[in-house]
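Chemist: My questions are about this predicted structure, shown below with the sequence.
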Amino acid sequence: MKLVARLSQLVVSKDNPSTFQTATRTAVAAIASYLVAWVFHLPQPYWAPISSMVVVQPSMGASLPLSVQRLTGTALGAAAGAVAATYFPNSLWAFGIAVLSIGSLCAILRTERSAFRIAGITLVIVMLIPQSAPVWVVAVHRSCEVSLGIAVGLLVSAVWPERPPKSR
């Protein structure tokens, strides 16, 4: 019983609960970003709604910093993955060095840790997942899909700010 009570304390929000408004705004952003990616014939349009869902926040002020970090991380990871995979294809050592290099660059630039995490995830996608297109094309597509999702998420946050829940 104590474990269930403790898990409940970790899951149930006291300060920032989910709302139906949050769900609706996020769904609109996810659908819109997928449709835009589909219209542009991006090869993996599902990355756009993933990004939208990550960056949609109650306000533009809350969404913008998260969006900039995600965009920075995606660009770093895609570029590092394209370079490493071009010169050292299928090399686990090159992958490890690329992760270390990205982390070091993020430390030098003093980015948020989230930018480093996104850069690493993008690096994995570009470098380690077998693709049918050349690695540079994959890197550009990934950046475009994520950027599109971020733009739609920011747009939703800007034009449809979340109203605070009513007090009971």
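Modeler: That came in fine, so what should we check first?

Chemist: who's in contact with the residue most central in space within the chain?
Modeler: Nearest to the mean C-alpha position of the chain, by Cα atoms, centre = their mean, lies residue 51 at 4.3 Å. Residue 51 makes contacts with 33, 70, 145, 146, 147, 148, 149, 150, 153, as judged by Cβ atoms under 8 Å, 6 or more residues apart in numbering. For the C-beta atoms, the positions are set from N, CA and C on the backbone; glycine is no exception.

Chemist: element containing the fifth one?
Modeler: Under the criterion DSSP states H and E, the helix or strand holding residue 147 is helix 135-159.

Chemist: how near is residue 140 to residue 43?
Modeler: Between residue 140 and residue 43 the computed distance is 11 Å (Cβ to Cβ, to the nearest Å).

Chemist: Now do the helices for the chain: every range, in order, please.
Modeler: Here the chain has its helices, by DSSP state H, at 2-11, 20-39, 47-55, 60-87, 92-109, 113-128, 135-159.

Chemist: Could you dump those helices into CSV with mean pLDDT added?
Modeler: Converted to CSV, the helices of the chain look like this (pLDDT from 0 to 100):
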stretch, mean pLDDT
helix 2-11, 76
helix 20-39, 95
helix 47-55, 94
helix 60-87, 93
helix 92-109, 97
helix 113-128, 95
helix 135-159, 95
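
Chemist: now, of those, which is deepest in the fold?
Modeler: Most buried of the helices of the chain by mean neighbour count (mean count of other Cβ atoms under 10 Å) is helix 47-55; its value is a mean of 24.
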